[in-house]
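Novice: Would you be able to build a 3D model of this:
(chains A and B)
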2 protein chains.
Amino acid sequence: MDKLLRIDMNTQTHSVESLGNLGGLGGRAMTSAIISREVPPQCHALGIHSKIVIAPGLLSGTTAPMSGRISVGCKSPLTGGIKEANSGGQAGQVLAKLGYAAIVIEGKPSDDKTYKILINKDGVKIEEDSSLKLMGNYELIDALRSQYGDKICCITIGPAGERKYNTATVAITDPELRPTRHAARGGAGAVMGSKGVKAIILDDTGTKRRQPKDPDNFKKAIRIFTEGVLKHPVSGEGLPALGTPFMVGPLNALGAFPTRNYSQAQFEGAEKLSGETMASMQAERGGNMTHACHHGCIIKCSGIYHDKDGNYVSKLPEYETIYAHGANCGIDDIDAVAQMDRMDDDYGVDTIEMGNAIAVAMDAGLAEFGDAQAAIEMVKEVGKGSPLGRILGNGAHITGEVFGIERVPAVKRQTMAGYDPRSCFGIGVTYATSTMGADHTAAFMVAPNLFNIGGSLDPHKPDGQVEACRNFQIATAAIDSTGMCLFVAFACLDQPETFQALVDMMNAFYGYKMNMEDFSAIGLSVLQNERTFNKDAGLTPADDRLPEFFKNEAVAPHYLTFDVEDEDLDKVFNF
Amino acid sequence: MDKLLRIDMNTQTHSVESLGNLGGLGGRAMTSAIISREVPPQCHALGIHSKIVIAPGLLSGTTAPMSGRISVGCKSPLTGGIKEANSGGQAGQVLAKLGYAAIVIEGKPSDDKTYKILINKDGVKIEEDSSLKLMGNYELIDALRSQYGDKICCITIGPAGERKYNTATVAITDPELRPTRHAARGGAGAVMGSKGVKAIILDDTGTKRRQPKDPDNFKKAIRIFTEGVLKHPVSGEGLPALGTPFMVGPLNALGAFPTRNYSQAQFEGAEKLSGETMASMQAERGGNMTHACHHGCIIKCSGIYHDKDGNYVSKLPEYETIYAHGANCGIDDIDAVAQMDRMDDDYGVDTIEMGNAIAVAMDAGLAEFGDAQAAIEMVKEVGKGSPLGRILGNGAHITGEVFGIERVPAVKRQTMAGYDPRSCFGIGVTYATSTMGADHTAAFMVAPNLFNIGGSLDPHKPDGQVEACRNFQIATAAIDSTGMCLFVAFACLDQPETFQALVDMMNAFYGYKMNMEDFSAIGLSVLQNERTFNKDAGLTPADDRLPEFFKNEAVAPHYLTFDVEDEDLDKVFNF
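Specialist: Sure thing, here's the model as predicted:
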């Protein structure tokens, strides 16, 4: 994994470079380094100077478990700042095995032709293929499978990316070649679309797993790490049994489950949307709550959702999808949520953004909260690219602006995940200050606020939130660089020997002698790159704030408003 | 004019205050002072902490000619920064005669009822009137006239303001009670709409002209000033004869007439849109090229446009409207432009923003450039509030984002006026750096670049543009505070005795002893307030830039790109 593949879409040519001073970087550290070095921060995100970078993690393509995350980096057309959206699926492992530490796509064609890029052990081919234009991801993958066979994995965009929606995703296929994993947030798919690239087809036939420098210690660290992940109640029990929807019940009980466009924090229909409900339903229907989104995953939270006739619909809807398309739209019909999840994956849009856009539209009176059929029709408009569909497809912020709605739960124009910051101040600090916009994965402060994981903080008090969020952001940025799924963090945070084993895997693989502090330094460096890019792009402390209504509107059951002072938010990056 | 009227729309009550330390301020100096003192820069522009301020100029309500401009200030929902949009019409004179130096409207009703505010010599009445809801400005004025008689003048919003479009205007009636003058830019109408205020009805019956401290010197200064304005070729000849459309021919000849969404800078149909063409047409149809938008105007550039059957359509379309709805959409049908001008006034939207939004939509393929009927249909959608209409009604920037178009001629999300910055670097400096977004009136650098007025600079070179733009911005901010129409500036810039007479009017009226430097200090102070507000709102040097395509795409006939360095743009406010 010592090559950088540079694709120039001005000329539809490529070159393979050595990593040079990018050597030793992976995942988010790689994408954020390249974007901050090569992309002018003030350029148009969809313009000729913009680039998109795809990078596996430092441990991707090895036998390390959970190491299949892939990072997609760009200047976000949604936030105007830097973006790293990461995803599971097969591409991280495969790209690493093919030897590429990063793909950089730059320039843009002068026409609006549609291109595909095949990457295998023999090299790289860039070809025009107008037959793929505006195909949904599912149909697209079928077409690619019929051209290239079953041994591929794909990085694709749906029509949303081609139309350059701010919510457009980069889709990654799972082991069964379903386009269900997505680098979803911040419109990375639009940047790929602006470059005319519809699909990247990876085929690792004839390649081998990457080999560690110190095989014995690598194996040993893997064993300790695996045990640690599997013994933690979240990654060993909750996630495998119910997937991320295990959180529906607890979050609703805690009064932090955003409902009806954040006008409430508990949903009377939560039980119908819960992981437990889906588990018993899918047991009957032949779906599966336990499924690995990439080879080497030992948690297996992704799941398979079947309809009442026993037919495949989509992956198991994630907690965030259930919140956004479900409770936040007042919808308690989990089949409708799964149907929208499938449509979102097919069109290639971020489910969080899409659900929230519909919630804002409902708040504006376009439909009644709870009207699942109306919500489905709205998603169809997104697929069609009608004016209404384009509004929604550009996310909740644009939807709010176009329909004159003030209550839009977004920071840096990116909407929040499913944890009301009025009931969980820590996640509010993350939403406000993350370099990525309101991104729960930047520092999952729900853990120490609501689950006593990685510490224990009163979710209704500002005390200690800023310091903890700083540490979580640093650790997360480091983990996001390894290719590890962030769901290893529960075990790492609670079990020092598990975190140590992660560092030991890195040391054994690369022959490093990092300690925990060195590992943290990776995260620190990532955040510094990202903050600098954002500052130069024109973001300021004014962008590190929650929307005004979180300070003005209290909701049941806690009747609190978000109460972390602005000047404390500005201390998150004091390092 | 020593009272401040504060209207609290939380409770629909009002209070009359003394000016306190706002004394001595007028027009833009007043609105920008109140907004920067009272509005939190990071608040939601349409939220409860936002305010809208309406202020006549320091010489409004006196016998000083040209003194009827009125300033409308707010935090702009379009730019996110401070906004002063000013307008002609009768309201400035009448409000000043009623003794109010400013109206401040704050808070917002908890319901979405529609309110009107009557202000006369007996006081202030705030009343709900749901019968006015979503009325177009023309119908609205008829309704108010039937309630309050002919002696009123009105400050109103159309349905665009009620729907909180970013392009929504605050309309001001002319002497014949037509809603044709608009504080048009930056969405001030949306802020008024967010407060539930549909109409402010002013009646100055029983009031008198404001009296100067030194009547003799006031008269004397007026005489010199009047002579100066009338002897200058622009304000004495060009504007009275042809209105602002006198510029169509010259700007097209100079290759600075933006055409087909800025993909060209000359329009083959320019002659059909010219002031000369309208003059001969309106002579036949019984329209009028020469009309005063307020009592006391001696230039009379506003005009009356009749259709081919001799019926009133609208005011004479301004140069900016002709550029935006005409050439920039490839449309050479002046009757169609006048019809859209009328519709824009009726719905209450900024004609510049609306024309440019349609141009961007045409660039996105929604209609062919040149299809006037398609453009009219698009404006109708704006009036209906359909999804497409709401996209367009939120301006060119949102339209570009929603339809994935990079070529949007906007700075701080506000679109440019009709002077291509690649062919007139000076106006590019204004567009980039104005506190208001791309606002030609902030410093009309077209004058020294293309007309040798107020100096003489090569429009195709950066030399001297920054210094001149700084001085123009300062002088303009001062003039905008007096209530004077900016069209006095041509004479003031070229004839020192005319500028001196303006200062002498101020001195004689207020008993001041200002010199030119003191007068400039007014402008300087305004700009400092505005820059500080914008900085605190989160605007940075990154917002003081032209869109990327002006650096990448050269156009005929000069084949230049905008070539003023970023670091030089950052020197505009070095004072």
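
Novice: Measure how far stretch A:192-203 is from the centre of its chain, please.
Specialist: Its chain's C-alpha centre and that of stretch A:192-203 lie 18 Å apart, by C-alpha atoms, centre = their mean, to the nearest Å.

Novice: how long is it end to end?
Specialist: Using C-alpha to C-alpha, to the nearest Å, the end-to-end distance of stretch A:192-203 comes to 20 Å.

Novice: Same check on stretch A:249-257?
Specialist: Start-to-end span of stretch A:249-257 (C-alpha to C-alpha) is 9 Å.

Novice: can you give me the mean pLDDT across it?
Specialist: In this model, stretch A:249-257 has a mean pLDDT of 98.

Novice: now stretch A:404-422
Specialist: For stretch A:404-422, mean pLDDT is 97.

Novice: Tabulate the CA atom coordinates of it in PDB.
Specialist: What follows is stretch A:404-422, C-alpha atoms only, in PDB (Å, rounded to 0.1, in the frame of the first residue of the first chain):
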ATOM      1  CA  GLY A 404     -38.800  29.900   5.400                       C
ATOM      2  CA  ILE A 405     -38.400  27.600   8.400                       C
ATOM      3  CA  GLU A 406     -36.200  28.700  11.200                       C
ATOM      4  CA  ARG A 407     -36.100  25.300  13.100                       C
ATOM      5  CA  VAL A 408     -33.400  23.400  11.200                       C
ATOM      6  CA  PRO A 409     -31.100  21.200  13.400                       C
ATOM      7  CA  ALA A 410     -27.900  21.900  11.500                       C
ATOM      8  CA  VAL A 411     -24.400  23.100  12.200                       C
ATOM      9  CA  LYS A 412     -22.300  24.300   9.300                       C
ATOM     10  CA  ARG A 413     -25.400  23.400   7.300                       C
ATOM     11  CA  GLN A 414     -25.000  19.700   8.100                       C
ATOM     12  CA  THR A 415     -27.800  18.200  10.200                       C
ATOM     13  CA  MET A 416     -27.600  16.500  13.500                       C
ATOM     14  CA  ALA A 417     -27.700  12.800  14.300                       C
ATOM     15  CA  GLY A 418     -30.400  11.400  16.600                       C
ATOM     16  CA  TYR A 419     -29.400  12.800  20.000                       C
ATOM     17  CA  ASP A 420     -31.000  16.000  21.100                       C
ATOM     18  CA  PRO A 421     -28.300  18.200  22.400                       C
ATOM     19  CA  ARG A 422     -30.700  19.800  24.900                       C
END
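
Novice: That one near chain B at all?
Specialist: Yes: Stretch A:404-422 reaches chain B (C-beta under 8 Å from any C-beta of the partner chain) through A:Gly404, A:Glu406. Placement of C-beta: from N, CA and C, glycine included.

Novice: what's A:Thr205 in contact with, if anything?
Specialist: Contact analysis of A:Thr205 by C-beta atoms under 8 Å, 6 or more residues apart in numbering or on different chains lists A:Asn120, A:Lys121, A:Lys151.

Novice: ugh, wrong one, A:Asp150
Specialist: A:Asp150 touches A:Leu177, counting by C-beta under 8 Å, 6+ apart.

Novice: So it versus A:Asp203, what's the distance?
Specialist: 10 Å (C-beta to C-beta, to the nearest Å).

Novice: And for A:Asn311?
Specialist: Separation of A:Asn311 from A:Asp203 (C-beta to C-beta): 29 Å.

Novice: can you check A:Arg181 too?
Specialist: A:Arg181 is 18 Å from A:Asp203, where distance means C-beta to C-beta.

Novice: Please identify which of A:Asn311 and A:Asp203 sits among more neighbours.
Specialist: Comparing A:Asn311 with A:Asp203 by other C-beta atoms under 10 Å in any protein chain shown, the one with more neighbours is A:Asp203, at 19 against 10.
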